[in-house]
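1. Structure, please.
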Amino acid sequence: MVFQDGWWYLDPAGEVRGAIVLDNLIHRGDIPVTIGVFVDPGVFPNTENPKNRNNEYDAFDDQYVTFLLTEIIPQVAERYTIAQSPERWGICGGSSGGNCAFTAAWLRPDKFRRVIGYLSSFAQMPGGNPYPDLISRVPRKPLRIFMQGGHRDLHWNEPQWNWLAENLRVAAALAEAGYDFRLVLGDGGHSPNHGGVLLPDALRWLWRPNEDRVAAG
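-> Residues are numbered from 1 along each chain as shown. Just a heads-up that it's a prediction; the model follows:
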C-alpha cells in the first residue's frame with residue numbers, strides 16, 4: 001500500500017497515523033498482511049520553488065507511477081516478499097496526492113487496483129479534470145476506489161475551481177460506469193481530519209473479498 005505525502009501519513013502524532021492503522025488492522029485480521037510504503041514528494045533545495053509536489057502529483061501522465069515501479073518498489077522488494085497480484089496492491093493520497101493515486105491506478109491497473117483518494121484536487125489538474133469524460137467512454141477498468149469529499153472543500157460554492165463539485169463529477173461518472181466505488185461526504189473543509197478517521201474503514205472496504213461486490217444492473 002503506497003501512501004503519497006509519506007511522512008504526513010506516517011507521522012505517529014498526526015491525524016492519519018497510517019502505520020499504526022495498518023498494524024492494528026493486520027493484527028486483528030481485518031486486512032491481509034500489508035507493507036506500507038510512505039513516499040514524500042521531491043524537493044529542489046536552495047531554489048526559489050523547492051517543492052515539486054504539484055508537478056509530480058497533479059500531472060495526468062505515467063511519470064510518477066513509473067517512478068514508483070522502477071525506483072521505489074524494487075527497493076522494497078529487495079527486503080520483503082511482495083505479492084505480485086495487482087488485486088493486492090493499493091495506493092492512497094489526499095488533495096493532490098489523491099489525484100496522484102487515482103492517476104497511478106488509472107494508467108497502470110496491471111499494478112494498482114485499490115485506490116483511496118481523500119479530498120482529491122481534480123479541480124487543479126493541468127488542462128482540467130479529465131476523469132468524468134474518460135470514465136464515461138473508456139471500458140471499465142478493474143479498480144476499487146474509495147473517495148472522501150468535504151462539503152466545505154476549496155471553492156465549494158463557486159463556479160470555478162470547485163474541489164467538491166469535481167469530486168462529485170468523478171463519483172457520478174464512476175457510478176454510471178458501474179465501478180466498484182464508495183463515496184463518503186463530510187461537512188468539513190480541506191482538512192485531513194475526516195480522512196484520518198475514515199482510514200481504517202477505507203482499508204477494510206478496499207480489501208474485502210471480491211465476491212462481496214454487487215454486480216451493476
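2. Need the pLDDT of residue 123.
-> Note for residue 123: predicted pLDDT of 98.
3. My understanding was that it contacts residue 154; is that so?
-> Yes: using C-beta atoms under 8 Å, residue 123 is in contact with residue 154, at 7.4 Å. Yep, even glycine has a C-beta here, placed from its N, CA and C like the rest.
4. Give the intersection of the neighbour lists for those two.
-> Jointly contacting residue 123 and residue 154 under the rule C-beta atoms under 8 Å, 6 or more residues apart in numbering are 161, 162, 163.
5. buried set for the helix or strand bottoming out on mean pLDDT in the chain?
-> Least confident helix or strand of the chain, by mean pLDDT, DSSP states H and E, is helix 6-10 with a mean of 93. For helix 6-10, the neighbour count (16 or more other C-beta atoms under 10 Å) marks 6, 8, 9, 10 as buried.
6. Please export the C-alpha coordinates of it as PDB.
-> Output of helix 6-10 as PDB, limited to C-alpha atoms (Å, rounded to 0.1, in the frame of the first residue of the first chain):
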ATOM      1  CA  GLY A   6       4.600   9.800   3.100                       C
ATOM      2  CA  TRP A   7       5.700  11.500   6.300                       C
ATOM      3  CA  TRP A   8       2.400  13.200   6.700                       C
ATOM      4  CA  TYR A   9       0.600   9.800   6.600                       C
ATOM      5  CA  LEU A  10       3.300   8.100   8.700                       C
END
